[in-house]
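**Q** got a predicted structure plus its sequence, pasted below:
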Amino acid sequence: MIAQGGELATEPTAPTLYPARRVFWLSSAISRRSTRDQGSPTINQITRWARDEAMDAIPEKRYSEILAAIAPTFLDHDVAKGRRLSTPFLVNGPKDPEARRIMVIGREYGGNGWNVAHQGDGPNAYVTKALTRHRDFFDKAMAKEGRDRGDTFFNFMRALARSIGTEGGLIYSNLLCLDSGGKSPRTSEHFPLIKRLSKQLLDVQLDHFKPDVVIFANGMDTVGIRREFFPIDGDGKVCVSLRNWEERGISKNQLWEFELHGKFLCYRIQHPSARSNAAKAARKQLVEVLSETIPRKQLVTAIAAGADGL
């Protein structure tokens, strides 16, 4: 059943996800990678491969459980289109689990690039389709030759990949998991649900992908949402300031380092579309930091937010 307002389902969460996949995790990994490496794997390799396969599947299970708790109409492209909403944006882990992982959480509104052609097949099937869509969308953007016109999110992503020598460890995420006709969903009557769903999905990604670096590229218009997700003051404060680069002429309004939840090293910059010389200098400095410095923590989070401190 659907709760009043059509948002929350009262049915139990999704059943166990992909039982067949669990059976084939290890065998498929051994077969695939043994063929690639042209040799018999060691026990350490088998253990690492199994870990990587599990990393991929665990978020899928949690994605499905989260989506099962909302009305199934939000997964139906035709219904979503009538609401002027995309279907939920889901995120893959890195293509190369052994590469240095950099997770970029943007403020992008993907429009048709996010939509999944899905009509009532259930959350498990939706997750599979959405992750395929995400991979295709991201790979196409990263494969583009040259630069997009102006300063764009994916120009920054491609520059980051060049700086670290690979795009295999990049994870493309987003602050909000739905858009409205390629624009912000802020005016949608379903915005409270969109925020709640977005935060749940972000928590899954941070918990399971465990990137070495994460870049949240949001911007001034969503700074309030970021602070709602990750409070900077009050009893619920989860961010603690660490340092800035003002001695190098870069304002703390452009680049700021802080710690999230007492364990995640974070950076806050402007959104990559910011064209001021100060914003460009801050992005350049951050790329240099990430390309030259081994993270001091397991997770480094760079959150691109507004211009007023944290």
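**A** Noted; the coordinates are in hand.
**Q** what strand or helix carries S173?
**A** Taking DSSP states H and E as the definition, one finds S173 inside strand 170-174.
**Q** how about A159?
**A** Using DSSP H and E, A159 maps to helix 153-164.
**Q** helix, strand or coil: sort out K129 for me.
**A** At K129, secondary structure determined by DSSP: H, G, I helix; E, B strand; the rest coil is helix.
**Q** tell me how many other residues crowd the closest residue to it other than its chain neighbours.
**A** Among residues not flanking K129 along the chain, V116 sits closest, at 4.8 Å (C-beta to C-beta, 6 or more residues apart in numbering). In this view, the C-beta of every residue, glycine as well, is placed from N, C-alpha and C. V116: 23 surrounding residues under other C-beta atoms under 10 Å.
**Q** so V116 sits in a strand?
**A** No - looking at V116 with three-state DSSP, it is coil, so not inside a strand.
**Q** going forward can the numbers begin at 57, since that is how I track them
**A** Got it, the first residue is 57 from now on, which makes the last one we talked about V172.
**Q** pLDDT score for A338?
**A** We have a pLDDT of 89 for A338.
**Q** ok, the closest residue to it other than its chain neighbours to A215 distance?
**A** Counting by C-beta to C-beta, 6+ apart, A338 lies nearest to Q310, which is 3.7 Å off, once chain neighbours are set aside. Here Q310 is placed at a distance of 17 Å from A215 (C-beta to C-beta, to the nearest Å).
**Q** what about the two, which has more around it?
**A** Taking neighbours as other C-beta under 10 Å, Q310 and A215 compare with Q310 leading, 23 against 15.
**Q** the more buried one contacts N333, correct?
**A** No - taking contacts as C-beta atoms under 8 Å, Q310 lies outside contact range of N333: 10.1 Å.
**Q** tell me where this protein has strands.
**A** Remark: strands assigned in the chain by DSSP state E are 158-162, 226-230, 269-273, 295-300, 311-316, 320-325, 355-360.
**Q** how about the CA coordinates for the third one, as PDB?
**A** The C-alpha trace of strand 269-273 is given here as PDB (Å, rounded to 0.1, in the frame of the first residue of the first chain):
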ATOM      1  CA  VAL A 269      39.000  11.200  -1.900                       C
ATOM      2  CA  VAL A 270      35.500  12.400  -2.400                       C
ATOM      3  CA  ILE A 271      34.700  15.700  -4.100                       C
ATOM      4  CA  PHE A 272      31.300  17.200  -3.500                       C
ATOM      5  CA  ALA A 273      30.800  19.800  -6.200                       C
END
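**Q** who are the packing partners of it?
**A** If contacts are counted by 3 or more C-beta pairs under 8 Å, 6 or more residues apart in numbering; DSSP states H and E, strand 269-273 sits against strand 158-162, helix 209-220, strand 320-325, strand 355-360.
**Q** what about the third one, distance to the chain center?
**A** What it means is strand 320-325. 15 Å (C-alpha atoms, centre = their mean, to the nearest Å).
**Q** the inter-axis angle of it versus strand 295-300?
**A** Counting by axes from the mean of the first three to the mean of the last three C-alpha atoms, to 10 degrees, strand 320-325 lies at 60 degrees to strand 295-300.
**Q** strand 320-325 packs against which elements?
**A** Right, strand 320-325 is packed against strand 269-273, strand 311-316, helix 333-348, strand 355-360 by 3+ C-beta pairs under 8 Å, 6+ apart.
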